[in-house]
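Participant: No sequence on hand, only this structure:
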């Protein structure tokens, strides 16, 4: 299903352009109402805000993506991708398949980490906890900064897709 975006003039409230994103990544821009041969809207001066929007990278940030797409078939190592950063926050997609922390290794991170399992399953150990923490689809956990933890197990039969937010 196409996703539509509308840009309006800075001087009027009428729509100037529509952009349709058709999967997988075809961007179609249509003028509304139709432009004249000289490229201008009837009775309207060119809109500087609109021109800047199309010439800048702002349009790129509005293109939706799917966290479940582009997962490699072969995962010799855990895949960690930074999705977004800013204002002291980092958001990552992590994909595991039968991966675990190396024996004797413990994470001890400077920031808090909030994790959500979207697909698959995992078992974590947190230092000071009485037992393992089992996570499945929809389960999330907040790990405070400097809480030593490790991944004991991830599902070897399917990908485990995590959303991790460091703050």
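Facilitator: Everything's here; your move. Remember, predicted model here, so these are calculated numbers, not experimental data.
Participant: State the number of residues packed around the closest residue to residue 119 other than its chain neighbours.
Facilitator: Nearest non-adjacent residue to residue 119, counting by CB to CB, 6 or more residues apart in numbering: residue 161, 4.3 Å away. The C-beta positions use only the backbone N, C-alpha and C, and glycine is treated the same way. Per other CB atoms under 10 Å, the neighbour tally for residue 161 reads 20.
Participant: how about stretch 87-104: buried residues?
Facilitator: 91-97, 99-101 (16 or more other CB atoms under 10 Å).
Participant: returning to what we had before: spell out which helix or strand contains the residue nearest to residue 119, please.
Facilitator: strand 160-166 (DSSP states H and E).
Participant: Touching stretch 84-101 from outside, list them.
Facilitator: 67, 71-72, 75, 77-83, 107, 111, 120, 122, 150-156, 158-167 (CB atoms under 8 Å, 6 or more residues apart in numbering).
Participant: again, but for stretch 133-150
Facilitator: 100-101, 105-128.
Participant: which among those residues end up buried?
Facilitator: Applying 16+ other CB under 10 Å to the contacts of stretch 133-150 flags 100-101, 107, 113, 115, 117-126 as buried.
Participant: Filter those down to the ones in strands?
Facilitator: In strands, defined here by DSSP state E, the members of those are 113, 115, 117-119, 122-126.
Participant: Just put those in a markdown table and tack on distance to residue 139 and pLDDT.
Facilitator: Shown next, in a markdown table, are those (distance: CB to CB, whole Å; pLDDT from 0 to 100):
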| residue | distance to residue 139 | pLDDT |
| --- | --- | --- |
| 113 | 14 | 98 |
| 115 | 9 | 98 |
| 117 | 5 | 98 |
| 118 | 10 | 98 |
| 119 | 11 | 98 |
| 122 | 9 | 98 |
| 123 | 11 | 98 |
| 124 | 10 | 98 |
| 125 | 15 | 98 |
| 126 | 14 | 97 |
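Participant: pretty sure residue 68 is in contact with residue 119, am I right?
Facilitator: Yes: assessed by CB atoms under 8 Å, residue 68 is found in contact with residue 119 at 7.0 Å.
Participant: overlap in contacts of those two?
Facilitator: Counting by CB under 8 Å, 6+ apart, the residues touching both residue 68 and residue 119 are residue 161.
Participant: quick revisit: buried subset of the contacts of stretch 84-101, written for PyMOL?
Facilitator: Applying 16+ other CB under 10 Å to the contacts of stretch 84-101 leaves a buried subset, and the PyMOL line that selects it is:
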select buried, resi 67+75+78+79+107+120+122+150+151+153+154+155+159+160+161+162+163+164+165+166
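Participant: Run through this structure and note the low-pLDDT ranges.
Facilitator: 1-62 (pLDDT under 70).
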